[in-house]
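[1] Structure for this input, please:
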Amino acid sequence: MEIEKLRERFFRQTVNDDNGCIHSCDNPPCVNPAHLRVGTHADNAQDKIGRGRAVVIRGERHGNARLNDDAVRRMRAMREYEQLTYEQIGRIFAVTKSTAHRAITGRRWTHLSAATAN
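    Numbers count the residues shown, from 1 in each chain. Predicted coordinates:
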C-alpha cells in the first residue's frame with residue numbers, strides 16, 4: 001500500500017505539497033501506523049540527516065566537480081609557497097577566482113586537511 005494512502009487512512013489528512021509522511025523506524029517495508037508521523041519535506045530531510053542516512057558526496061566524486069583532490073592540494077601549495085593570487089591559480093586550473101578561493105581556504109573541499117587561511 002502506498003505510504004500516502006496510509007497517511008490519509010491513519011491521520012485523516014489529505015495528500016498535498018505541504019505535508020508528508022515521516023517514517024520513524026527506518027524499515028522501508030514497515031507499515032505500522034505508530035511508526036508514521038506527519039511532517040514537511042524539510043522535516044523529513046532533517047530527520048534523514050539526524051539519523052545519519054544522508055549521502056553527502058564531496059570533492060572529486062561530486063558530479064559538478066571541476067577539480068580533484070590532487071589539484072586542490074597543488075592549488076593550496078601554490079598559494080602558500082609561490083604566493084600566487086587566487087585569480088592566477090584559478091586561471092591555471094581553469095576555474096573562477098572564487099572557486100579557487102573557496103578550495104584553497106577550505107570553504108569547499110573541507111574533507112581535505114590543511115587549508116590555507118589567507
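[2] Let me see the backbone angles for residue 81.
    Main-chain dihedrals, residue 81, degrees, to the nearest 10: phi -100, psi -30.
[3] again, but for residue 62
    The phi/psi pair for residue 62 (degrees, to the nearest 10) is phi -70, psi 140.
[4] Got the phi and psi for the residue nearest to residue 48 when sequence neighbours are not counted?
    Spatial nearest neighbour of residue 48, chain neighbours left out: residue 54 (5.1 Å); criterion: C-beta to C-beta, 6 or more residues apart in numbering. In short, each C-beta sits where N, CA and C put it, glycine included. Dihedral angles of residue 54 (phi, psi; degrees, to the nearest 10) stand at phi -80, psi 130.
[5] and what of residue 66?
    Dihedral angles (degrees, to the nearest 10) for residue 66: phi -100, psi -10.
[6] Same question for residue 48.
    Main-chain dihedrals, residue 48, degrees, to the nearest 10: phi -60, psi -50.
[7] isn't it right next to residue 42, touching?
    No - the pair residue 48 / residue 42 is not scored as a contact, 10.6 Å apart, by C-beta atoms under 8 Å.
[8] ok, residue 69 - contacts?
    Shown in contact with residue 69 (C-beta atoms under 8 Å, 6 or more residues apart in numbering): 59, 60, 109, 112.
[9] Remind me which helix or strand the last one belongs to.
    Yep, that's residue 112 we're talking about. For residue 112, there is no helix or strand it lies in under DSSP states H and E.
[10] wait, doesn't it sit right on residue 59?
    Yes - Residue 112 is within contact range of residue 59, at 7.3 Å (criterion: C-beta under 8 Å).
[11] Overlap in contacts, those two.
    69, 72.
[12] Excluding sequence neighbours, find me the nearest residue to residue 110.
    residue 58 (7.2 Å).
[13] same question, residue 89
    residue 100 (4.7 Å).
[14] mind listing the helices for the chain?
    Using DSSP state H, the helices of the chain run over 3-11, 41-50, 69-81, 86-92, 97-105.
[15] ok, back up a step: so residue 48 and residue 42 - more neighbours on which side?
    Using other C-beta atoms under 10 Å as the criterion, residue 48 and residue 42 rank with residue 48 on top: 14 against 9.
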